[in-house]
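1. Got a sequence here, can you model it:
(2 chains)
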Amino acid sequence: MAAIAPMTHSLDTRRRPGVAGWLLMTPLVLWMAALVIAPAAIMLVYSFSERNPDTGAATFAFTLDNYRELFQSAYLRVFALSLLCGAVVATAMVAAAAAACKAWLWAADLFKGQRQRIGMISFILGFWIAINFLARSGNEGQLLKIIVDSINYAGLSTIICVLVGYPAAYFIGRSRESVRNLLLMAVMIPFWTSFLVRTYAWITILSDNGLLNSLLKWMDLINEPIMLKDTPTAVMIGLVYTYLPFMILPIYGSVERLDNAMVEAAFDLGAGPLRAFWGVILPLTRPGVVAGILLVFIPAIGMFAVNDMLGGRNVPMIGSEIERHAIRARNLPFGAALGTVLLVVFVIIYYLGTRRREVSLG
Amino acid sequence: MKRVCKFIVAMSAVLFSPMIAGAQELSLFAWSEYVPQSVLDGFTKETGIKVTYETYASNEEMVTKLVAGGANYDLVIPSEYTVEALKKQSLLAELDHAKIPNLKNVQPSYMNLAYDQGNKVSVPWMAGTVGIVYNGEKIKDPITGFKDIFQDKYKKRLVVLDDAREFASWVMVAQGIDVNAVTKDNLAKIRPQQKQWMDLVRSYDSDSPKTALQSGDVDIGVVWNGEGSLLIQDDPKFKWVLPQEGAHKFIDSLCVPKNAKNKEAAHKFINYVLKPEVGKEIWEAFPYTTVNVESKKLLSDEQRGNLASFPANEDKLKLFTDIGEVMAEVEKQFSDLKGQ
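-> Sure, this is the predicted structure:
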């Protein structure tokens, strides 16, 4: 870690741009203002507007009704109950870990000083299992279920992206330069064709009589085609496919900068491959992983093209739900409120993600 | 210096050409899979007016984009109940019949209907029905109506239109409720059966439901008749059935929004597509029920015998009327029951 400290310092002094820097930034700033900030502002205004009963368009009269409908008491109750569940699980797990530390030496070795992390992870798990259960069991309405489902699909896709992307990125980053450039190119080749065209290609792969099912049939592994298209599985396959490069590239960036001396030092000091990975390689490449997770998870939650095309419009996700409210149900203000809440959630996730990175660097 | 001048002239020509061309452009906003490119090209060739064609997949989507502003459309193609709604909100411009001499080609039974008496704001484009198409090689039991296809044995073998009002209307006719008696009470009444039916559906598609049938992902579809007609034309294994319980008969009309910029061009387009040979061209690409008497005469006997395009028995077909605010409830029920 000591080797990184001077580097961050020099980054800090370089970060302050001069006039020329700002001039170079102008196109980006204009682009951001026109295509990011202005639409977000319009959405915010719409979300506080009333719905014109005839046309569904927003009429500008300040109201909190859209948010009131979103934060209805049933949802809040589920949310509070789930928080409670998470807290209970976290307390129990921390206590169990402490007890285990006293009882066994290996447990002490593994859990020592990890109290905060254990608490955090078990809190999130407990909260998430509870909210999944509650959103599905009660008659609380479809919206909560859709939000939970979207986060499930996006989360699972992100986990798969990490599991698949990390080894790939590591291999690319550690290979000879000629091979590395070739492999990097292979990662980026999909960007040469339109995203929609590539997703259409997945339709022909995942259909009942598509390439995958035909292959499995030919190999005598199945008799009846497996129904993949129009299911959540297909949506997640599409999400992983779409976002995998966004996981590989930032991790690759971290791996490439990884100081080999550190890894060698770990081995010299007697660490096995697992220990070296867990104790040295992973912490050093963590910024890349965090960036990858942010780049995959956040857009995946709001994705609607993939689930429209591969999910047969029968796998509701929050992106398609916003589209439905705004366009089909002709309730633009409510769609805007939903979008605004989602935006706030993204900002929070992003803040948490980057904050942890700074901590790990410092 | 000369070169610089030339460069500036060239650049400004590029920059301003859209403005100059603006007077000669028609912005058409229509259903997807509904207006053949050849017709647009033919129109451009005859009049010099360029057409931009944007698509939508439901009436509700079209109305939202129309009233949201931003885009400016010169022509839209809403269905009868949406013409009624748009007319009520005076969002449509009055049409000048003198500029549409080909209006005489439209079959009288499609004119002067309740949704637009005197066709002040709308000219029929095409009509059609919703019906059942199925793969006769896979489905051996007799199919006569909705009750035969929404069966447990066909679970996940169905593609249906992604249209809340349509789906609700199928359950309603099956229960003997009038398709236009859409009230909160009736919606609550059909909800259990609607849920049962929607659980059987594999995918929802309003744009091109025939694709799922062709690829073999599903064996039964509840689709627009134009889609069904193409299927039975291309492959005799597909069968078309008009549900015995009844179905929606729609009339989609060409309308000019009040704030359209090129009303003149819009009138020209309406007149152009009502030409007999153009009507035939449209029918051959998208075989819905043609409203054009002269075009129908140009079709072959075999084409005219296509029962999907030209239903033999129209007794149980019903036009939709505008239901106003309840539409939001219809949409809500539909999406609540999806993907469960």
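2. make it CA atoms for all contacts and neighbour counts henceforth
-> Noted.
3. if I pick whichever residue of the stretch 51-200 of chain A sits closest to chain B, what's in contact with it?
-> Closest to chain B within the stretch 51-200 of chain A is residue A:142: 5.4 Å, counting by CA to the nearest CA. Listed by CA atoms under 8 Å, 6 or more residues apart in numbering or on different chains, the contact set of residue A:142 reads residue B:336.
4. Show the pLDDT at it.
-> Among the per-residue scores, residue A:142 shows a pLDDT of 81.
5. What pLDDT does the model give residue A:360?
-> As predicted, residue A:360 sits at a pLDDT of 45.
6. what's the answer for residue A:12, then?
-> The model's pLDDT for residue A:12 equals 53.
7. Would you state the strands of the chain in chain order?
-> The chain I'm using is chain A. A:50-51, A:58-59 (DSSP state E).
8. let's do chain B instead
-> Under the criterion DSSP E, chain B contains strands at B:25-31, B:50-56, B:75-76, B:122-135, B:158-160, B:201-204, B:220-224, B:238-241, B:247-255, B:289-290, B:317-318.
9. Not counting the last one itself, show me its contacts.
-> Contacting residues not belonging to strand B:317-318 are listed as B:129, B:179, B:246-250 [CA under 8 Å, 6+ apart].
10. before we move on, what about the fifth one?
-> For strand B:158-160, the surrounding residues in contact (CA under 8 Å, 6+ apart) are B:200-206, B:209, B:212-213, B:218-223.
11. hmm, try it at 7 Å
-> Residues from elsewhere that reach strand B:158-160, judged by CA atoms under 7 Å, 6 or more residues apart in numbering or on different chains: B:201-205, B:209, B:218-223.
12. and what of the third one?
-> For strand B:75-76, the surrounding residues in contact (CA under 7 Å, 6+ apart) are B:27-30, B:254-257, B:266.
13. If we use 6 Å, what do you get?
-> Here strand B:75-76 makes contact (CA atoms under 6 Å, 6 or more residues apart in numbering or on different chains) with B:28-30, B:254-256.
14. From residue B:230, how far out is the residue of chain A found nearest chain B?
-> With CA to the nearest CA as the measure, residue A:312 is the residue of chain A nearest to chain B, at 4.4 Å. According to CA to CA, to the nearest Å, residue A:312 stands 21 Å off from residue B:230.
15. List the residues that contact residue B:256.
-> Counting by CA under 6 Å, 6+ apart, residue B:256 makes contact with B:74-75, B:92-93.
16. For the stretch 201-350 of chain A, which segments count as helices?
-> Assigned by DSSP state H, counting those that start in this stretch, the stretch 201-350 of chain A shows helices spanning A:211-218, A:232-257, A:260-268, A:273-276, A:282-302, A:305-310, A:318-323, A:332-361.
17. Buried residues, the last one. List them.
-> The one in question is helix A:332-361. A:332-340, A:342, A:346, A:350, A:353, A:357 (16 or more other CA atoms under 10 Å in any protein chain shown).
18. Report the distance from stretch A:226-243 to the chain centre.
-> 16 Å (CA atoms, centre = their mean, to the nearest Å).
19. and what of stretch A:249-258?
-> 19 Å.
20. Show residues contacting it.
-> Applying CA under 6 Å, 6+ apart, the external contacts of stretch A:249-258 come out as A:169-170, A:173, A:285, A:288-289, A:292.
21. Can you name the two of those residues that sit furthest apart?
-> Taking CA to CA, the two most distant members of the contacts of stretch A:249-258 are A:173 and A:292; they sit 15.2 Å apart.
22. what pLDDT does the closest residue to residue A:102 other than its chain neighbours get?
-> Excluding the flanking residues, the one nearest residue A:102 by CA to CA, 6 or more residues apart in numbering or on different chains is residue A:108, at 6.9 Å. For residue A:108, the model assigns a pLDDT of 77.
23. Same check on residue B:6?
-> The score at residue B:6 is 58. That number is its pLDDT.
24. Check the spacing between residue A:313 and residue A:319 real quick.
-> Counting by CA to CA, the gap from residue A:313 to residue A:319 is 12 Å.
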